[in-house]
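# Curious how this folds, go ahead:
(one chain, ligands or ions: 1)
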Amino acid sequence: MVPLFEHSSSPGAAGPAFVAGATGFTGREVVRLLAARGILTYAHVRPDSPRREEWQQRLQRLGAQVDCTPWEEGAMAATLARLRPAYVFALLGTTRRLMKQVARTGQDPQSQSYQNVDYGLTALLLRAAMAAGSRPRFIYLSAAGVNERARSPYYQARARAEAELKASALPFLIARPSLISGPGRDEPRPGERIGAAVVDGLLRVAGLFGGWRLQARYASTTNTALAEALVRLALDPAAANRTFESESLRPVEE
Ligand SMILES: NC(=O)c1ccc[n+]([C@@H]2O[C@H](COP(=O)([O-])OP(=O)(O)OC[C@H]3O[C@@H](n4cnc5c(N)ncnc54)[C@H](OP(=O)(O)O)[C@@H]3O)[C@@H](O)[C@H]2O)c1
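Just a heads-up that it's a prediction; the model follows:
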């Protein structure tokens with residue numbers, strides 16, 4: 001979709017950014033922080049989103065241009081070739097709740113699987129970014145604990161996306177945060193909140209007994225702290241082609 005109005009980055013700001021997953025808990029904060037830096041930010045909203053209008057307004061209020069290109073490879077490649085982003089953020093992910101929701105409406109739950117969303121859409125976006133002609137840096141939001149030997153479909157999907165990104169010709173950044181928690185989620189996710197509280201409590205105890213490395217790696221983070229790290233590292237030339245574990249995604253002491 002053509003942006004509603006054209007405007008360019010502030011003088012001296014980095015090149016344009018395209019954010020897939022802009023409606024997510026992390027994505028919306030990445031959009032806000034990019035736009036606040038004067039970076040021309042294209043926030044992607046899927047055209048079939050039941051909350052498309054609401055998100056268009058919300059993301060525009062954050063200072064972004066909204067793009068509603070369908071999740072089809074040719075269409076996404078054409079959009080990225082037109083927008084020529086310097087940064088592409090892949091902040092997508094499904095949940096078991098979404099899979100059940102899709103099944104309840106009579107659709108194939110596989111359409112919302114880790115393989116189709118966490119891997120499939122990320123890989124589609126990567127191929128579109130490679131064809132864009134602007135050689136953008138591709139920032140992939142993965143997860144703590146990802147490795148190719150993992151048996152869970154969640155980790156397998158992410159390991160596959162990471163491997164394809166590393167083998168691609170694009171400069172990349174992979175972030176592997178621990179649990180992302182905090183206020184402001186659209187749905188309650190009690191499991192995530194309780195999980196974060198329990199894990200953080202156990203890690204504090206471990207920290208008291210010298211397990212501070214464990215604490216630094218696995219303590220939960222917030223969407224804002226994570227988004228700040230993603231934007232900071234995305235713009236840092238020294239961070240190119242690196243994987244950042246969660247201890248490197250914490251707020252920087254001033
Ligand atoms: N939550 C955690 O504790 C945690 C920890 C480590 C890593 N991560 C990973 O980090 C990523 C971002 O986390 P988050 O909590 O910010 O995610 P989130 O709030 O659940 O947002 C997910 C994003 O993916 C999009 N999406 C989901 N299914 C889609 C589909 N079928 N087609 C197109 N877009 C789709 C959503 O768009 P709509 O709004 O249109 O549905 C949304 O923009 C996730 O991949 C997650 O696995 C999460």
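
# From here on, just use CA atoms for contacts and neighbour counts.
Fine.

# wait, what's in contact with the residue lying farthest from the centre of the chain?
The outermost residue of the chain relative to its centre, with distances by Cα atoms, centre = their mean, is F209 at 33.9 Å. Residues near F209 by Cα atoms under 8 Å, 6 or more residues apart in numbering: none.

# In space, what's closest to Q60 - neighbours in sequence excluded?
V66 (6.7 Å; Cα to Cα, 6 or more residues apart in numbering).

# Would you map the helices across the stretch 1-150 of the chain?
27-36, 52-61, 73-83, 96-104, 122-130 (DSSP state H, counting those that start in this stretch).

# Next one: the third one, is it in contact with the ligand?
No: applying Cα under 6 Å from any ligand atom, one finds helix 73-83 out of contact with the ligand, separated by at least 12.3 Å.

# on that earlier part again, want to throw the helices of the stretch 1-150 of the chain into CSV with mean neighbour count?
What follows is the helices of the stretch 1-150 of the chain, written out as CSV (neighbours: other Cα atoms under 10 Å):
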stretch, mean neighbour count
helix 27-36, 24
helix 52-61, 16
helix 73-83, 18
helix 96-104, 14
helix 122-130, 22
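
# want to throw those helices into TSV with mean pLDDT?
Shown next, in TSV, are those (pLDDT from 0 to 100):
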stretch	mean pLDDT
helix 27-36	98
helix 52-61	98
helix 73-83	98
helix 96-104	92
helix 122-130	98
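
# Which helix runs longest in this protein?
The single longest helix within the chain, with elements called by DSSP state H, is helix 190-208.

# returning to that earlier point: and for the residue nearest to Q60, the neighbour number?
Using other Cα atoms under 10 Å, V66 has 25 other residues around it.

# Same check on A163?
A163 sits with 12 neighbouring residues when counted by other Cα under 10 Å.

# how far out from the middle of the chain is the helix or strand hosting it?
For A163, the element it lies in under DSSP states H and E is helix 153-167. With Cα atoms, centre = their mean, to the nearest Å as the basis, helix 153-167 stands 14 Å off its chain's centre.

# same check, this time on stretch 242-254
In terms of Cα atoms, centre = their mean, the centre of stretch 242-254 is set 15 Å apart from its chain centre.

# ok, and the closest non-adjacent residue to A216?
Setting aside the residues directly before and after it, A216 is nearest to E247 in space (Cα to Cα, 6+ apart), at 5.1 Å.

# For the ligand, see how far away the one you found is.
13 Å (Cα to the nearest ligand atom, to the nearest Å).

# Same check on L202?
Taking Cα to the nearest ligand atom as the measure, L202 falls 17 Å from the ligand.

# do Y140 as well
Y140 is 9 Å from the ligand, where distance means Cα to the nearest ligand atom.
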